[in-house]
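**Student:** quick one, structure for this:
(chains A and B)
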Amino acid sequence: MFELIGVPPQALFGQLLLGLINGAFYAVLSLGLALIFGLLNIINFTHGAQYMMGAFAAWLLLNLAGLGYWPALLLAPVIVGLTGVLIERFLLKRLRGLDPLYGLLLTFGLALIVEGAFRQVYGVSGLAYPVPPSLAGGVNLGFMFLPLYRGWVVLASIVACLVTWAVIERTRLGATLRAATENPALVQAFGVNVPRLVTLTYGFGVALAAFAGVLAAPIYSVHPLMGANLIIVVFAVVVIGGMGSILGSVLTGFGLGVVEGLTKVFWPEASNTVIFVIMAIVLLIKPAGLFGRAT
Amino acid sequence: MMASGVRVAAAVGVLAALLLAPFAIYPVFLMKALCFALFASAFNLLIGYVGLLSFGHAAFFGFSAYVAGHAAKVWGWPPEAALLAATLVAAVMGVVFGALAIRRQGIYFAMVTLALAQMIFFLSLQAGFTGGEDGIQAIPRGVLLGVFDLGKPLVMYYFVLAVFLLGFLIIWRTINSPFGSVLKAIRENEPRAVSLGYRVDRYKLLAFVLSATLSGLAGGMKALVFQLASLTDVHWHASGEVVLMTLLGGLGTVLGPAVGAVLIVGIQNYLAALGAWVTIVQGVVFVVVVLLFRRGIVGELLARRRKGV
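**Tutor:** Numbers count the residues shown, from 1 in each chain, chains lettered A, B, ... in the order given. As a prediction, the model looks like this:
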């Protein structure tokens, strides 16, 4: 076998794939954060916990109701999204017009409650979730072995991001949404029910997080704290990309995942911190973020 | 506002209570509360008086604990030198973090500080001198200035109390100085402060460094008190806790953060055996305070007083 820069190609492509998968989660999660921030002006700290809830919802559907992966991929985001709707209606709504920092603090508190509760019930050992039989096994691509499920995760994430992009940029609903982001009072005056739009947007952003959680369940074990550290990396991704553009968030997410994967190959010790270092560099060179507008 | 005579009497009363407290209450609990009270007061300097929410103060607190622990245990430094080293390292970190973080405002500032602190967490996990998952254990308290044996709980308590009062005095002086007034002006209306000719970034950075430095002092002290420096204190959880203490006591009040710290440390002690319940209760306190009394306990009391008069 040939070698690339002293690294066997299986290891290189294997890590690249892992990087793409992590990047897929960064992309979907930062997309949800950006959507919510655009309309609610709130950074949703509960996002990581809601990703975890998605994975747990899939696990519970399987073990309590006997529903497999495919129904869960649809149902879990709906269920978790509905809890998001409740959170917006009864809690976040009361913070309208206040300093956005209070939204951050409230959702941080919610994350502590949710993660604490799951930890209390399910412990910290993590639960296994099987790969769906239809996606078991893999294919040999010649230069690497591709487990089918991992390929599916990347594909499904890209599709989810593209659909979200298309809805927001290419449909009437999306146009209303963008208008409400720019000027909620004016859109309200045109007869659009902006508060409902806000609630649904939060629910949708949360559902995206839960969708990522279901995708993650067969790869990582289902664990109460699986979203806690992830969300901090996603925050760094959001700072690097800026929250101004949807495609920007998606590209930043995937790109950083790949960079992280490559770091794992060439300098494993730095792989945990590389995204934070990139964030520091971006802050020095382009403080508004790669795709952000100066505020 | 209280008359100055009443204020002095209240201050003397609190001081007397602090001096007598170790005879009535378990000293380790008191020392822990004092460390966190200083930490929260230092944190409040930033959120309460400049309006900057740092979600990464555990980096200064926790990493300084490692520095103090390493200096005291491995290098055999006396406690005053170990604490000084911890404080200086926190100051340097404050300069670097502050210079990066103040390039963004509001919500982004919080995310940047959180991410930078997470980087310190991973460094602490991987760096050899921190002892990884085990932390630095059995840190000697040593003999202060070659005279006071900090191994004795009462001596240690009065030392911690003295450091706390020193730190608290520095914070109090800062917020009641012309510098503090400029900070408040930035908090209230940053563009206006800029148009008045203040170099806002320099003020913000200085406040950030001061806050980080005193947080480091608190962290170093905690390492000496518990003779342990561990990952707990650099974890984002610790950053969240100091936010909670300050919020519960009252953002931007002088005494609020200390009150909040005592309450939260009390809750931790009370619920320690119940595992994840500590986290749940802290989350509930966050939600309740944000929804129902954003001014915090001390802030709410002050507001009521003002209304009553």
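**Student:** restricting to C-alpha, output stretch B:233-253 in CSV.
**Tutor:** C-alpha atoms of stretch B:233-253 as CSV (Å, rounded to 0.1, in the frame of the first residue of the first chain):
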residue,chain,number,x,y,z
ASP,B,233,-12.7,23.5,39.1
VAL,B,234,-11.7,24.0,35.4
HIS,B,235,-14.9,22.4,34.1
TRP,B,236,-17.6,24.6,32.5
HIS,B,237,-19.8,23.5,35.3
ALA,B,238,-17.7,25.7,37.7
SER,B,239,-18.1,28.6,35.3
GLY,B,240,-21.9,28.1,35.4
GLU,B,241,-21.8,27.9,39.2
VAL,B,242,-20.2,31.2,39.6
VAL,B,243,-22.7,32.8,37.2
LEU,B,244,-25.5,31.3,39.3
MET,B,245,-24.0,32.5,42.6
THR,B,246,-23.7,36.0,41.3
LEU,B,247,-27.2,36.0,39.7
LEU,B,248,-28.8,34.6,42.8
GLY,B,249,-27.2,37.2,45.1
GLY,B,250,-27.7,40.1,42.7
LEU,B,251,-25.8,41.2,39.6
GLY,B,252,-24.0,44.5,40.2
THR,B,253,-24.5,44.6,44.0
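**Student:** now do it: distance to the chain's middle.
**Tutor:** Chain-centre distance of stretch B:233-253: 8 Å, with CA atoms, centre = their mean, to the nearest Å.
**Student:** now the helices for the stretch 51-200 of chain B?
**Tutor:** Along the stretch 51-200 of chain B, counting by DSSP state H, counting those that start in this stretch, helices occupy B:58-73, B:79-101, B:106-126, B:153-175, B:178-188, B:190-195, B:200-226.
**Student:** looking at those, which is nearest to B:Ala273?
**Tutor:** helix B:200-226 (18.2 Å; CB to CB). For every residue, glycine as well, the C-beta is placed using N, CA and C.
**Student:** can you name every helix or strand that that closest one contacts?
**Tutor:** Under the contact definition 3 or more CB pairs under 8 Å, 6 or more residues apart in numbering or on different chains; DSSP states H and E, helix B:200-226 sits against helix B:27-47, helix B:58-73, helix B:79-101, helix B:153-175, helix B:178-188, helix B:190-195.
**Student:** related to what we said a few turns ago, quick check: which of the helices of the stretch 51-200 of chain B is buried the most?
**Tutor:** Ranked by mean neighbour count, those are led by helix B:58-73 with a mean of 29 (mean count of other CB atoms under 10 Å in any protein chain shown).
**Student:** pLDDT on that helix, on average?
**Tutor:** For helix B:58-73, mean pLDDT rounds to 93.
**Student:** close to chain A, is it?
**Tutor:** No - Helix B:58-73 stays clear of chain A (CB under 8 Å from any CB of the partner chain), getting no nearer than 11.2 Å.
**Student:** tell me the helices and strands packed up against that helix.
**Tutor:** helix B:79-101, helix B:106-126, helix B:200-226, helix B:236-249.
**Student:** switch the cut-off to 10 Å
**Tutor:** helix B:27-47, helix B:79-101, helix B:106-126, helix B:200-226, helix B:236-249 (3 or more CB pairs under 10 Å, 6 or more residues apart in numbering or on different chains; DSSP states H and E).
**Student:** residues in contact with the residue in the stretch 51-200 of chain A that chain B sits nearest to?
**Tutor:** Closest contact between the stretch 51-200 of chain A and chain B, by CB to the nearest CB, is at A:Gly109 (2.6 Å). Applying CB atoms under 10 Å, 6 or more residues apart in numbering or on different chains to A:Gly109 gives the contacts A:45-46, A:91, B:240, B:243-244, B:247, B:282-291.
**Student:** any idea how far A:Ile36 is from chain B?
**Tutor:** Applying CB to the nearest CB, to the nearest Å, the value for A:Ile36 to chain B is 12 Å.
**Student:** and the next element down the chain from the helix or strand containing that residue?
**Tutor:** Assigned by DSSP states H and E, A:Ile36 falls within helix A:9-40. Remark: after helix A:9-40, the chain's next helix or strand is helix A:47-65, criterion DSSP H and E.
**Student:** now the next helix or strand after that next one, how far from the chain's geometric center?
**Tutor:** Once the chain leaves helix A:47-65, the next helix or strand it forms, by DSSP H and E, is helix A:69-90. Its chain's C-alpha centre and that of helix A:69-90 lie 14 Å apart, by CA atoms, centre = their mean.
**Student:** who are the packing partners of helix A:69-90?
**Tutor:** helix A:9-40, helix A:47-65, helix A:100-122, helix A:148-170, helix A:194-216.
**Student:** let's see that with 8 Å instead.
**Tutor:** helix A:47-65, helix A:194-216.
**Student:** tell me the angle the last one makes with helix A:69-90.
**Tutor:** For helix A:194-216 against helix A:69-90, the angle by axes from the mean of the first three to the mean of the last three CA atoms, to 10 degrees is 150 degrees.
**Student:** secondary structure element holding residue 291?
**Tutor:** Because you didn't say which chain, this covers chain A. Here A:Phe291 is assigned to no helix or strand, by DSSP H and E.
**Student:** not quite, go with chain B.
**Tutor:** Counting by DSSP H and E, B:Leu291 is found in helix B:277-292.
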